[in-house]
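In: Predicted model follows, preceded by the sequence.
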Amino acid sequence: MESALDYHTAFALLDWQVDLGATEAMLDAPLNRYEIPEKVETPKPVAAPEAPVTAPKADPVEIARKAAAACKDLDGLQQAMAAFEHCALKRGARNLVFADGNPAARVMIIGEAPGRDEDRIGKPFVGRAGQLLDRMFDAIDMGRAAPLSAQSIYITNVLPWRPPQNRDPKPEEIEMLKPFLQRHVEIVAPDVIILMGNISCQAVLGRKGITRLRGNWQESFGKPTLPMFHPAYLLRQPHAKREAWADLLSLQAKLRDLA
C-alpha cells in the first residue's frame, strides 16, 4: 500500500518535527496523552486466617489456693494435696508426706522437704535427722508421741513430696504449694511455729541465712515463729548444738509466756 504522502512531503514533515525537538519515533500511531486512562482495579489483599483462640494457661498457684481454701479439716487437706496434679515432684515421689504428731499440739514444726526415708515411709523426720529432732525435744519433755497438747509437737514440711536427689526445692515449687502450708497452719492453729532450716525460712519468712535468723523470734501466719538449725545441719556441725539448745530453752520460755 502506497503512502498518501510523496517522499519529499514526508521528508519535509519529518524535518519540521525534528526542528520542533522530536528525537525518537515511539509508536506507529499517535498517542493522545490527554485521554483519561481506564481505571485499573487493584486486587484486594487476601486476609490472613485468624489465629485459633487458645484458653489461658492455668495458674497452679491459684488452683492450689482455691483447693486449700475449700478444706475444712486435715483429712480434707491431705486429700486435696494428694489430688493436686500441677507439681512435677509428685510424679517422682513414692508417697505424700503429710504430717506426724498431735494436731492439737501447741508447737508446729515446719521442715523443708522429705528425704529418702521420709519418702519411703510417708512421714516427716524419720531418718537420722528425725531421730535427733526427737532427742532434742525429749530434752525439754516434749515429743510427737506425747498425748497431752502441752507436751506434744506436730510436724510437717514446706513440700509434701521429695525432690529428686534431695535437691533444694525450687522457688516455683515452694510458691505453688505454699497455699496448702498456710491452710495447714490455719487448721492446726498452734501457739508457736518452729522453722527448721534455711528452706523453711525462705518459704515462710521470705528470707534465708539461718545462722543470722536462728534464735530470733519472728511472726508468720499470725503466729510467733522461731527459726532453728535443721537437725541435718547439726549432724554435720555438732558444735552448733549449743545454739540449738539455747533455742529450745527460748521455746520453753515463750510457751510459758503464752500459757
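Out: Done, it's in. The model shown is predicted, which means the values in this text are computed figures rather than measured ones.
In: which SSE is the residue nearest the centre of the chain in?
Out: The centroid of the chain falls nearest to Glu172 when counting by Cα atoms, centre = their mean (2.5 Å). Per DSSP states H and E, Glu172 falls inside helix 171-188.
In: tell me which residues of that helix are tucked away?
Out: Using 16 or more other Cβ atoms under 10 Å as the test for burial, helix 171-188 gives 173-174, 176-185, 188. Every C-beta, even on glycine, is put in place using the N, C-alpha and C of the backbone.
In: how about the residues you listed, which pair is most distant?
Out: Checked with Cβ to Cβ, the buried residues of helix 171-188 reach their widest spread between Glu173 and Val188, with 22.1 Å between them.
In: which stretches of the stretch 51-200 of the chain aren't confidently modelled?
Out: 51-55 (pLDDT under 70).
In: ok, which stretches of it are strands?
Out: With DSSP state E, counting those that start in this stretch as the criterion, the stretch 51-200 of the chain has strands at 100-101, 107-111, 153-157, 192-196.
In: Select, out of the ones you listed, the one closest to Arg94.
Out: Closest approach to Arg94 among the strands of the stretch 51-200 of the chain (Cβ to Cβ): strand 153-157, 14.8 Å.
In: Summarise which helices and strands the closest one is packed against.
Out: Contacts defined by 3 or more Cβ pairs under 8 Å, 6 or more residues apart in numbering; DSSP states H and E place strand 153-157 against strand 100-101, strand 107-111, helix 171-188.
In: Now do the last one: distance to the chain's middle.
Out: Think helix 171-188. 12 Å (Cα atoms, centre = their mean, to the nearest Å).
In: Now do that helix and strand 107-111, the angle between them.
Out: On the basis of axes from the mean of the first three to the mean of the last three Cα atoms, to 10 degrees, helix 171-188 is oriented at 170 degrees to strand 107-111.
In: Please produce a markdown table containing the strands of the stretch 51-200 of the chain, extended by distance to Gln165 and mean neighbour count.
Out: Formatted as a markdown table, those follow (distance: least, Cβ to Cβ, whole Å; neighbours: other Cβ atoms under 10 Å):
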| stretch | distance to Gln165 | mean neighbour count |
| --- | --- | --- |
| strand 100-101 | 24 | 22 |
| strand 107-111 | 18 | 26 |
| strand 153-157 | 17 | 25 |
| strand 192-196 | 20 | 24 |
